[in-house]
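Peer 1: structure for this input, please:
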Amino acid sequence: MRLMISFAALFLSVVLLQLSTGGVGPLDALSGLALEFTTAQIGLLGSAHFVGFFIGCWFAPRLMGTIGHSRAFAAFTAAGAIGLLAHMLVIDPYAWALMRVASGLCVAGCYTVIEAWLQAKVTNETRGRTMGIYRVVDMGASLAAQMLISVLAPASYVSYNLLALLCCAALLPLTLSRLREPETPDAPRLRPLLLIACSPLAAAGVLVAALSSASFRMVGPLYGQQVGLAVDQIAGFLAVFVLGGAVAQYPVGWLADRYDRRWVLIGLSVAAILSSVSTAMTENLDTFGILMTAFFFGMTTFPIYSVSAAHAHDFAEAHERVELSAALMFFFAVGAIAAPLMASTLIEVYGPPAMFVMIAAGHALLVVFGLYRMRARPIAERRTAYVWSPRTSFLIGRLTGRSRDKDGNER
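Peer 2: Okay, the predicted model is just below:
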């Protein structure tokens, strides 16, 4: 309880930030439909978000090192609020894409600050409990954010203004906290080829994870609208996807720590192919069936990033851990930038099921590549502990001082 109270301000900032930034993606998709944007233009908005996210991962540590955590958080939050408020001032998809770059910058920057602050202040004895509470708070707020679109009117100044108010409100708990700001160490280098050198399969897995997650979260509302879902049903469709991913993390982690991670990745991808096919058929199901297919899709696709990251770390030296995390984030951002635009274009040309056909094809390639890699490389002798990777900043490892030793144990 003392631990929760000491970090209450940071957790409250997480809740408010997630409600704001988590709600803008589906709201933009529905607003774009109301304003008669093309499906490709709506997909561009999702891709622009991840462009900003990638920039934020680069820029956040440098800004924290220059002006401190609180001021950096304020700067990133201001960028997000400006992007939200500007939506209804300029009704143009390409202008909105620039605004979504600001929202992606806000997400990456603010979460980097919060996670670095948390990790720098906890001890090894309290780290697990603290991050467990943080993940529950973040996931709960993410679920609530998906449900916001059931009460926010599309293409309405009031809706975007409410999200901007929540974004601004996130400033208050953290900036008024009595917790002393941690020091910021030097930032690591970005070496994308390090991931391929450690594990080509992990690189492929991260790309496929981005293909699945970014497509569903950014273009999912467009898919739901085209198969006849009401707004409140679309909100539930997105929320149970996140819930399914949260439920699957721990059992998948248990499997990944006890069996060859490549078989776990292959099994997840086979299940993801099945869930993609079943989700593509939601237009013939009732509401409960639609929600169950989205839940299953989240269960099978969400954990792939964390399993891929653990597999890559199995082949890395202790001094490479942080830069490997950077490379993982780089590959995820590349995949997430391309995925929404590809998915929306396919929907526009071939219809709603095409998005899930694309995702199923990506997982099929991952299955084939995984089987090939199992022949090319024997099972790893070293095994690092499975960690639920939230895919925020690739610099968290260096900022927190958390690493794994040569035997693969966390310290």
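Peer 1: please count neighbours and contacts with C-alpha atoms only from this point.
Peer 2: Noted.
Peer 1: output whichever helix or strand residue 373 is part of as PDB - backbone C-alpha positions only.
Peer 2: Element membership for residue 373 (DSSP states H and E) is helix 354-376. Taking Å, rounded to 0.1, in the frame of the first residue of the first chain, the C-alpha atoms of helix 354-376 are listed here in PDB:
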ATOM      1  CA  ALA A 354      -8.600  -8.200 -46.800                       C
ATOM      2  CA  MET A 355      -7.000  -6.700 -43.700                       C
ATOM      3  CA  PHE A 356      -7.100 -10.100 -41.900                       C
ATOM      4  CA  VAL A 357      -6.000 -11.900 -45.000                       C
ATOM      5  CA  MET A 358      -2.900  -9.700 -44.900                       C
ATOM      6  CA  ILE A 359      -2.300 -10.400 -41.200                       C
ATOM      7  CA  ALA A 360      -2.800 -14.200 -41.800                       C
ATOM      8  CA  ALA A 361      -0.300 -14.000 -44.700                       C
ATOM      9  CA  GLY A 362       2.300 -12.300 -42.400                       C
ATOM     10  CA  HIS A 363       1.900 -15.000 -39.800                       C
ATOM     11  CA  ALA A 364       2.100 -17.800 -42.400                       C
ATOM     12  CA  LEU A 365       5.400 -16.400 -43.500                       C
ATOM     13  CA  LEU A 366       6.600 -16.300 -39.900                       C
ATOM     14  CA  VAL A 367       5.600 -20.000 -39.400                       C
ATOM     15  CA  VAL A 368       7.700 -20.900 -42.500                       C
ATOM     16  CA  PHE A 369      10.600 -18.800 -41.500                       C
ATOM     17  CA  GLY A 370      10.500 -20.200 -38.000                       C
ATOM     18  CA  LEU A 371      10.700 -23.700 -39.200                       C
ATOM     19  CA  TYR A 372      13.600 -22.800 -41.400                       C
ATOM     20  CA  ARG A 373      15.400 -21.100 -38.500                       C
ATOM     21  CA  MET A 374      15.000 -24.200 -36.400                       C
ATOM     22  CA  ARG A 375      16.900 -26.200 -39.000                       C
ATOM     23  CA  ALA A 376      19.600 -23.500 -39.300                       C
END
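Peer 1: so which elements touch that helix?
Peer 2: helix 200-226, helix 261-280, helix 321-350 (3 or more C-alpha pairs under 8 Å, 6 or more residues apart in numbering; DSSP states H and E).
Peer 1: buried sites along it?
Peer 2: 354-360, 362-364, 366-367, 369-370 (16 or more other C-alpha atoms under 10 Å).
Peer 1: what's the angle between that helix and helix 261-280?
Peer 2: 160 degrees (axes from the mean of the first three to the mean of the last three C-alpha atoms, to 10 degrees).
Peer 1: out of the helices and strands packed on helix 354-376, deepest packed?
Peer 2: When you average the neighbours per residue for each of the helices and strands packed on helix 354-376 (mean count of other C-alpha atoms under 10 Å), helix 200-226 leads with a mean of 25.
Peer 1: compute the inter-axis angle for that helix and helix 261-280.
Peer 2: 10 degrees.
Peer 1: which strands and helices sit next to helix 200-226?
Peer 2: Contact here means 3+ C-alpha pairs under 8 Å, 6+ apart; on that basis helix 200-226 packs against helix 8-34, helix 39-67, helix 192-198, helix 231-258, helix 287-301, helix 304-313, helix 321-350, helix 354-376.
Peer 1: is it true that residue 104 touches residue 52?
Peer 2: Yes - between residue 104 and residue 52 a contact is recorded at 4.2 Å, counting by C-alpha atoms under 8 Å.
Peer 1: pick the one among the buried residues of helix 354-376 closest to residue 222.
Peer 2: Using C-alpha to C-alpha, residue 355 is the member of the buried residues of helix 354-376 that lies nearest residue 222, at 10.5 Å.
Peer 1: got any ranges where the stretch 201-350 of the chain has weak pLDDT?
Peer 2: The stretch 201-350 of the chain contains residues with pLDDT under 70 at 282-285, 318-319, 321-322.
Peer 1: let's see it at 50
Peer 2: Within the stretch 201-350 of the chain, no range satisfies pLDDT under 50.
Peer 1: does residue 155 count as helix, strand or coil?
Peer 2: coil (DSSP: H, G, I helix; E, B strand; the rest coil).
Peer 1: list the contacts of it.
Peer 2: Taking C-alpha atoms under 8 Å, 6 or more residues apart in numbering as the criterion, residue 155 is in contact with 28, 30, 31, 32, 34, 35, 88.
Peer 1: residue 149 too?
Peer 2: Residue 149 makes contact with 23, 26, 27, 231, 232, 235 under the criterion C-alpha under 8 Å, 6+ apart.
Peer 1: okay, now the nearest residue to the fifth one once chain neighbours are set aside: neighbour count?
Peer 2: Distances taken as C-alpha to C-alpha, 6 or more residues apart in numbering place residue 150 nearest to residue 232, at 4.5 Å, with adjacent residues excluded. Residues near residue 150, counting by other C-alpha atoms under 10 Å, number 17.
Peer 1: what residues are up against residue 150?
Peer 2: Contacts of residue 150 (C-alpha under 8 Å, 6+ apart): 231, 232, 233, 234, 235.
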